[in-house]
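> got a predicted structure plus its sequence, pasted below:
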Amino acid sequence: METSVTIIGIVIAIIVAVPIYYSARSTAANKSKILGIKKKFNPTHPEDFDLTESQSNKTLTLDQKNRRFILMNFNPNQQESTYLDLKSAASAKLVLTTEGPSDTIVKIDFEFQDKDSPKKITIPFYDFDDDRIKQISAYQDHQFAKKWLKIIQDSISR
């Protein structure tokens, strides 16, 4: 009886430990990637990017003091990071691209108006074609983008 209880306990421990190990390993790898990207845009003080938040495959970070913004997209199809100095932006808004009679969101972009010229800077945030879960992620990403738009607008207006 004691042997069978011990074996069952070991099996349960392994079943619980393996996913936790892989989750911790994945989290450490993502943190390392994020720190590497922060160092790319601010080699001497990557810790200046003091506000960082992740959702789905996207990470947004903001240096509130120096008003710098990075959007990191860790989409398996196309990994990219985009840097923007918010001091050069006059305003920011979300641009939604919809399709069909149901107004299905197929694309979400951040659009920044340059202070010194009529040029607009567009940073892609969500693309339906890259989305694995489709409309569920579209809604979550749209809410996430709205939250960050407010943070970015507050930073621009300072």
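Done, it's in.
> hey, let's count contacts and neighbours off CA atoms from now on
Noted.
> show me the contacts for residue 81.
Shown here is residue 81, whose contacts under the criterion C-alpha atoms under 8 Å, 6 or more residues apart in numbering are 37, 70, 71, 72, 73.
> so how far is residue 42 from it?
As judged by C-alpha to C-alpha, to the nearest Å, residue 81 and residue 42 stand 13 Å apart.
> got it, and residue 80?
Counting by C-alpha to C-alpha, the gap from residue 80 to residue 42 is 17 Å.
> what's the helix or strand for residue 117?
Residue 117 is part of no helix or strand when elements are defined by DSSP states H and E.
> quick one: residue 73 is in a helix?
No: if the criterion is DSSP: H, G, I helix; E, B strand; the rest coil, then residue 73 is strand and not within a helix.
> partners of it in the sheet?
Bridge pairing for residue 73 (DSSP bridges) gives the partners residue 58, residue 80.
> JSON lines for the contacts of residue 81, including distance to residue 97, pLDDT and neighbour count?
Output for these, formatted as JSON lines (distance: C-alpha to C-alpha, whole Å; pLDDT from 0 to 100; neighbours: other C-alpha atoms under 10 Å):
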{"residue": "37", "distance to residue 97": "28", "pLDDT": "87", "neighbour count": "20"}
{"residue": "70", "distance to residue 97": "22", "pLDDT": "91", "neighbour count": "20"}
{"residue": "71", "distance to residue 97": "19", "pLDDT": "91", "neighbour count": "22"}
{"residue": "72", "distance to residue 97": "21", "pLDDT": "90", "neighbour count": "22"}
{"residue": "73", "distance to residue 97": "19", "pLDDT": "86", "neighbour count": "21"}
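> how many neighbouring residues does residue 64 have?
Residue 64 is flanked by 19 other residues according to other C-alpha atoms under 10 Å.
> cool, and the one 5 residues further on?
For residue 69, the count of nearby residues is 22 (other C-alpha under 10 Å).
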